[in-house]
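# What follows is a protein structure lacking sequence information:
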DNA sequence: TTGAAAGCGCTAACAT
DNA sequence: ATGTTAGCGCTTTCAA
């Protein structure tokens, strides 16, 4: 940095202030400094900066590795978080989910200035650990008790409710909900339940016949689920599916059963955007806006790092996008 | 650190040497220091250490975000890399695939001591950039010209060859290969081709009739592929599938066509372990040992960071695991 | 086997 | 609007 200062004919601190923007610098001076920086190919040393400023310019990101996580969605979050962090000139350090001691160590050593925790469970053991840390944290997911915590999550209730409303507006009157397999429902995570509740509440409010079932991601399971539903609802004409993995099998099951989509049966999926789009018959869907959620999580975390004491819970909604699997009832 | 030194009645440098192990310390001294460290809850400052030692104790990891990547496998690599790095007391910083400037900046600022590049393409534009950096890099994947580079990859040829040998040992004599969809084949990545070649070479060496096709991940496509193959090979009795996404549809297609697995048709999948295991009829498979590859990549990178000048290419093989989809021909 | 002390390359308070 | 300078908390050479 002193080379740059010399080349630009200014003091060391001026270079520093040009870099940080924490002081107003006259245009010509800034110009000479920036020119010198480029000419010398100068790049500030991260360690020195961290030492002097007590800021690592780095966020810790806890990613889940459990076998039943949807890594496609996880990676979308990760990408969004990295991009958003970069906009603040921050880097992202990987922390593994299981490892509560990891975040403690990195926070204590000053390697990270804040923590983003994905895949938060109802009673997540990491939450008390996080609370004891010297750095702020933002949760992606909604624990049971979110008192005083900063949380962001997808609004699953809104999603399935929106799906129901869409089916209603198309004239559908016997609708069913196909949710995650039991495995996921019995997990310590509450979004599956929130999704189901949005559907049920919506159906009750609309005063239509409805039923809810679970489904494993296999052709046989899909056919069985479909049969069950049609047994309960002989005139089934609408379906909301919150089960990404079962989607293709469900479609195949309908085709095999001679059910025409969207005419006879209209289906709304709650699933990642790319999956909805990639299908041979693209799904009308409400998609998790992972990008947006990741960006908001980083924004919240940055605000807390800058000192804002804003614990808050934010549920992010998403619009329904009509594609090929829904259509109005034909008279 | 000086607090620790005082509490232990030693000098500051002794504490440092206890921490780094770069000097022999007498047992009682070490003991007092370690006790003091624990009592004071001391944790060394990463920035200061990086500044003084010119080591960030951090690896950069470039993860791919293209829509056609298998994020499950990616996450396995990521997890293995983080775990392996931790064994060296190293952290992992996320770099996005697209961003060649990212690795330049992080390397120049001393934020990372080495780079792990996933999903390397035939003529990857990042390779020349990496070569110009001040830090070493290890590629996961095999570019066209790997001269002077450190690379690790799964041995796809060995995998499909092993699959063929297994089918041969079971008495199968008309075998087919189902590979990735065209989309992936036309990509700038060569593993799909290596997988196909392993199959073809193996079949030729064994002197049996064989055919190779591609397949999209849909039921219709799977049924079409199966029909094509049976047209060419009327007595088809063995299948090697290197197409994870199409696997469930292929199985459904066989069932619908009245083909019994494994008796009439034995199938070997080249796919991630968890997918092979999770199927209702678990696949006999050769699996990408993502854990092992990730670990080896980190080992190689650490060796180069420590100064070893060992550019080398390593292909990691994997054993075939027999499950429910292969069995001997019945006389 | 241990200690003393000179940096590592920045930031930010204090000057001017 | 810019300059001076005292650290930030370690590592490592040089000495003992």
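Arrived safely. Computed from a prediction, not measured in an experiment: that's the story for all the values here.
# Mind listing the residues bridging to residue A:241?
residue A:178, residue A:269 (DSSP bridges).
# closest point of the stretch 201-331 of chain A to DNA strand D, which residue?
Proximity to DNA strand D, evaluated over the stretch 201-331 of chain A using Cβ to the nearest atom of the strand, is greatest for residue A:305 at 17.9 Å. To be clear about C-beta, it is placed using only N, CA and C from the backbone, and glycine gets the same treatment.
# Quick one, grab the pLDDT at that residue.
Reading off the confidence values, residue A:305 has pLDDT 96.
# what's the distance between it and residue A:84?
13 Å (Cβ to Cβ, to the nearest Å).
# neighbour count winner among these two?
residue A:84 (23 against 18; other Cβ atoms under 10 Å in any protein chain shown).
# Wait, a helix at the more buried one?
Yes: read with DSSP: H, G, I helix; E, B strand; the rest coil, residue A:84 is one of the residues of a helix.
# Contact partners for it?
Shown in contact with residue A:84 (Cβ atoms under 8 Å, 6 or more residues apart in numbering or on different chains): A:294-295, A:297-299.
# secondary structure element for the residue nearest to residue A:25 when sequence neighbours are not counted?
Among residues not flanking residue A:25 along the chain, residue A:18 sits closest, at 5.5 Å (Cβ to Cβ, 6 or more residues apart in numbering or on different chains). Assigned by DSSP states H and E, residue A:18 belongs to helix A:12-20.
# which of the residues in the next helix or strand after that helix are buried?
Proceeding N to C from helix A:12-20, the next assigned helix or strand is helix A:27-40, under DSSP H and E. Of the residues in helix A:27-40, A:30, A:32-34, A:36-37 count as buried by neighbour count, 16 or more other Cβ atoms under 10 Å in any protein chain shown.
# is any part of helix A:27-40 close to DNA strand C?
No: using Cβ under 7 Å from any atom of the strand, helix A:27-40 stays clear of DNA strand C, with a minimum separation of 10.2 Å.
# That helix near chain B anywhere?
No: Helix A:27-40 stays clear of chain B (Cβ under 8 Å from any Cβ of the partner chain), getting no nearer than 11.7 Å.
# Quick one: name whatever helix or strand follows that helix.
helix A:46-53.
# Bridging across strands, which residues link to residue A:151?
Counting by DSSP bridges, the residues bridging with residue A:151 are residue A:139, residue A:313.
# where does residue A:75 land in three-state SS?
Following three-state DSSP, residue A:75 is assigned to helix.
# Would you check that it makes contact with residue B:75?
Yes: taking Cβ atoms under 8 Å as the definition, residue A:75 is a contact partner of residue B:75 at 7.4 Å.
# Would you mind listing what in chain A touches DNA strand D?
A:9-14, A:17, A:23-26, A:28-30, A:48, A:51-52, A:54.
# check contacts around the residue nearest the centre of chain A.
Here the mean C-alpha position of chain A is nearest to the C-alpha of residue A:290 (Cα atoms, centre = their mean), at a distance of 3.6 Å. Shown in contact with residue A:290 (Cβ under 8 Å, 6+ apart): A:73, A:76-77, A:80, A:272.
# mind running it again at 10 Å?
A:70, A:72-81, A:140, A:154, A:272-273, A:316, A:318 (Cβ atoms under 10 Å, 6 or more residues apart in numbering or on different chains).
# pLDDT score assigned to it?
93.
# what's the pLDDT at residue A:145?
87.
# and after the lowest-mean-pLDDT helix or strand in chain A, which helix or strand comes next?
Lowest by mean pLDDT, DSSP states H and E among the helices and strands of chain A is helix A:182-185, with a mean of 60. Using DSSP H and E, the next helix or strand after helix A:182-185 towards the C-terminus is helix A:191-206.
# Who does the helix or strand just after that following helix pair with, and is each partner parallel or antiparallel?
As assigned by DSSP H and E, the chain's next helix or strand after helix A:191-206 is strand A:209-214. Applying DSSP bridges, strand A:209-214 is found paired with strand A:174-179 (parallel).
# Show the average pLDDT along the partner strand.
97.
# tilt between that strand and helix A:191-206?
Per axes from the mean of the first three to the mean of the last three Cα atoms, to 10 degrees, the angle that strand A:174-179 makes with helix A:191-206 is 170 degrees.
# correct me, but residue A:170 touches residue A:239?
No: using Cβ atoms under 10 Å, residue A:170 is not in contact with residue A:239; the gap is 11.9 Å.
# Spell out which residues of the stretch 1-150 of chain A are next to DNA strand C.
A:1-2, A:12-13, A:16-17, A:19-20, A:22, A:42, A:44-45, A:48-49, A:51-53.
# Now, of these, which are buried?
A:1, A:16-17, A:19, A:42, A:44-45, A:48-49, A:51.
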